[in-house]
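[1] A structural model of the following input is requested.
(chains A, B, C and D)
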Protein chains: 2
Amino acid sequence: MAGLAGVSQATVSLVLSARGDGRAAAISEETRRRVLDAARSLGYVPDPAARRLAAASNNLLGVFSFTATFPTDVQHSYYPFLVGVEQEAAARGYDLVLFTGSSPGGAGAAGPDALSRVRLADGCLFLGRHVPRAELKRLVADGFPVVHLGRREELEGLAWVGADYVNASREVVDHLAELGHRRIVLVREDDDAPASTDRQRGFLDGLAAAGIAGGPGAVLRCADPARELTARRVGALAADGVTAFVAEETDTGAAWRALNAAVREAGLSCPGDVSLGLLGSPPADLAARPVPMGFDIPRHRLGAAAVRLLAALVAGEEAHEPLVACEFRAGETAGPPAPPR
Amino acid sequence: MAGLAGVSQATVSLVLSARGDGRAAAISEETRRRVLDAARSLGYVPDPAARRLAAASNNLLGVFSFTATFPTDVQHSYYPFLVGVEQEAAARGYDLVLFTGSSPGGAGAAGPDALSRVRLADGCLFLGRHVPRAELKRLVADGFPVVHLGRREELEGLAWVGADYVNASREVVDHLAELGHRRIVLVREDDDAPASTDRQRGFLDGLAAAGIAGGPGAVLRCADPARELTARRVGALAADGVTAFVAEETDTGAAWRALNAAVREAGLSCPGDVSLGLLGSPPADLAARPVPMGFDIPRHRLGAAAVRLLAALVAGEEAHEPLVACEFRAGETAGPPAPPR
DNA sequence: CCGGTTGGTTAATGCGCATTAGTAATGCGC
DNA sequence: GCGCATTACTAATGCGCATTAACCAACCGG
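    Numbering: from 1, shown residues only, chains lettered A, B, ... in the order given. Below is the predicted model:
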């Protein structure tokens, strides 16, 4: 231990774990220097496990992902989140521990104690849908700082950050309303995930704010968009006065794909005859022109927000606003409505 | 502690940390069951920090990158390596610690002790060119297990893994020779990085093996390929009997770009009039058709190899072969040479 | 010259576990 | 019935640190 090179042991601890703020502890400048020098020359570093055991903290934030953190399929990865996570963690002086949760062949994956390794860090961020509830609940119940990336309200007391789909969807409708559209239809899939219901709520809010009657016809709920959303149906709606369509974003992008196909087949031009909006980002294979009007989920900001929240929890502070605003994207698929015939 | 619910304490430890293999310790079946039941009903989980403290190894592998690990610019990131690193680490039961070395605003970034945090893990992987030599040397000298991703021979005793450019480049030439080409020219930039010289060596080896005279004209070294590699020059070479060109891969892809442009301008068709090879992967913006003949650096395998090597060092074993073979890519830019006129 | 005070340092304690030496209980042979 | 081996468990120790009470020196006012 560095104590030999210097003078004592507890002193080393006092020097190395000196809190930057507040009272600068009772250590003479000379001693401090001696200790630091010795530590450097010996390459001494306090053992994080010991630090943690001794009821302190070790400046480590865990990241536990239930799909491989670095999947081979980059498309559906958490990479964009991690960009923000890493930046924010670095800015706050934390290092990251990647718990390789259930990677292919993952080690600690199986057992019920897979999650317990996480306690090695000061707190932990969870990514992915398939987090075992029981385990997570225990962590929360034990007062271990935990933040879930993505909305997660069913679990009492679990902190989370998510994107504000309601307001973002509302902005899309606002935009269409400002352009002059009075008949707008939402195409969504038949799914009750919060991400879907949030978007619908924002959509309806937007209609209401614009003084447009929602009515049951304003939302098209399709179990199989590709089959149900035919060119004929879209054509009929357009003929009936609908001038704008909005589709929700999902993993598959089915609603958006079907909507686009139907509009094209119906012989309608996009910004000209009807305006289209996408409540999210386009799937990778449709990312090229034309850029859809809609919004982007600020994944890196979400990651950063999650770290901020986690850091606050670790520090014993209270949680703040968990919703992060999305970024409106003007795109090229929305314009003034065609004059009625 | 679960001891109360059961009978003792050390017994709990014996039960819970029972090694599956070997001698099943001296615990009666009944006691074992009692302990397990109690543990389950109390939701007891051994504190990993304490375990590590007592066991003296923490199953953590460090990853220290001198550019942000998750850069905003995904193109030039270490992401592909990390895919392999994570998989291999997971497979071996290690967790990863990301030392946010010099991320923008990084915390421990500045000080000379930035690297010493690394000792927290059982060993550490280093990515990036700008690793401070002195610090690294200290780690190595102290016997701390260190592996550098990318060739690094100047530092005595530093373990590293790298791609085998020599053999990969040679294979490219072999392929051309088999197709019947007898006059092949290498276009490279004016840089003495090992990645460049390795490729040239492999190229020359390939020529020699095919019984083709290397001669000084076989290698075109350009400080500024875009300017020096004109259509006229390429045309002249082709007229002189050169039937195949090979370009080295660099960050910018300048040599490959210039070669392609020159061939096109010279009015030469690619697999028809001349064959082209790229010693590496095409830059992202040229990744579409036509796929160049050449080789791919198996980044994820490199990452995995690095972890294997590091794990071996941690276990006190000796290092193995540091070179990882590249994958030959037939592509669409090479064919039999045009018959001489 | 003494009690009081402050600044600087250390000895001692405990975090929760793995490990090892040691104890109690039982079985076995002679 | 006594030694001796086995089996089943426990007491004790230490991992490396943070923390805290305690200690020592010097200094100060009275």
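[2] Not counting residues beside it along the chain, what's closest to A:Pro80?
    A:Arg299 (3.6 Å; Cβ to Cβ, 6 or more residues apart in numbering or on different chains). (C-beta placed from N, C-alpha, C; glycine too.)
[3] pretty sure that neighbour is touching A:Gly84, no?
    Yes. Using Cβ atoms under 8 Å, A:Arg299 is in contact with A:Gly84, at 6.8 Å.
[4] Same drill for those two, tell me which one is more crowded.
    It is A:Gly84, of A:Arg299 and A:Gly84, that has more neighbours when counted by other Cβ atoms under 10 Å in any protein chain shown, with 24 against 20.
[5] Report the buried residues of whichever strand or helix holds the more buried one.
    According to DSSP states H and E, A:Gly84 maps onto helix A:79-91. Using 16 or more other Cβ atoms under 10 Å in any protein chain shown as the test for burial, helix A:79-91 gives A:79-91.
[6] hmm, which two among these are most spread apart?
    A:Tyr79 and A:Ala91 (18.9 Å; Cβ to Cβ).
[7] re earlier: ok, of the buried residues of helix A:79-91, which one's closest to B:Gly202?
    Using Cβ to Cβ, the buried residues of helix A:79-91 come closest to B:Gly202 at A:Tyr79, 33.3 Å.
[8] in terms of contact, does that closest one touch B:Pro80 like I think?
    No. Judged on Cβ under 8 Å, A:Tyr79 makes no contact with B:Pro80 at a distance of 11.4 Å.
[9] how close does A:Leu220 sit to B:Asp251?
    49 Å (Cβ to Cβ, to the nearest Å).
[10] okay, these two: which has more neighbours?
    Neighbours were counted for A:Leu220 and for B:Asp251 using other Cβ under 10 Å; A:Leu220 has more, 20 against 10.
[11] show me the contacts for that one.
    With contact taken as Cβ atoms under 8 Å, 6 or more residues apart in numbering or on different chains, A:Leu220 is in contact with A:185-188, A:228-229.
[12] Specify the local secondary structure of A:Asp273.
    State at A:Asp273, reduced to three classes by DSSP: H, G, I helix; E, B strand; the rest coil: coil.
[13] And for A:Ala284, the neighbour number?
    With other Cβ under 10 Å as criterion, A:Ala284 counts 11.
[14] quick revisit: check contacts around the residue nearest to A:Pro80.
    By Cβ under 8 Å, 6+ apart, the neighbours of A:Arg299 are A:80-81, A:83-84.
[15] cutoff 7 Å now
    By Cβ atoms under 7 Å, 6 or more residues apart in numbering or on different chains, the contact set of A:Arg299 is A:80-81, A:84.
[16] Could you dump the residues you listed into a markdown table and include pLDDT?
    Shown next, in a markdown table, are the contacts of A:Arg299 (pLDDT from 0 to 100):
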| residue | pLDDT |
| --- | --- |
| A:Pro80 | 80 |
| A:Phe81 | 85 |
| A:Gly84 | 88 |
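[17] Tell me the one of the residues you listed nearest DNA strand C?
    The closest of the contacts of A:Arg299 to DNA strand C turns out to be A:Phe81 (Cβ to the nearest atom of the strand; 31.7 Å).
[18] Against A:Arg199, how distant is the residue in chain A that DNA strand C sits nearest to?
    In chain A, the residue found nearest to DNA strand C is A:Ser8; the distance is 2.3 Å by Cβ to the nearest atom of the strand. Relative to A:Arg199, A:Ser8 is positioned 62 Å away (Cβ to Cβ).
[19] Looking at those two, which one has more neighbours?
    A:Arg199 (26 against 15).
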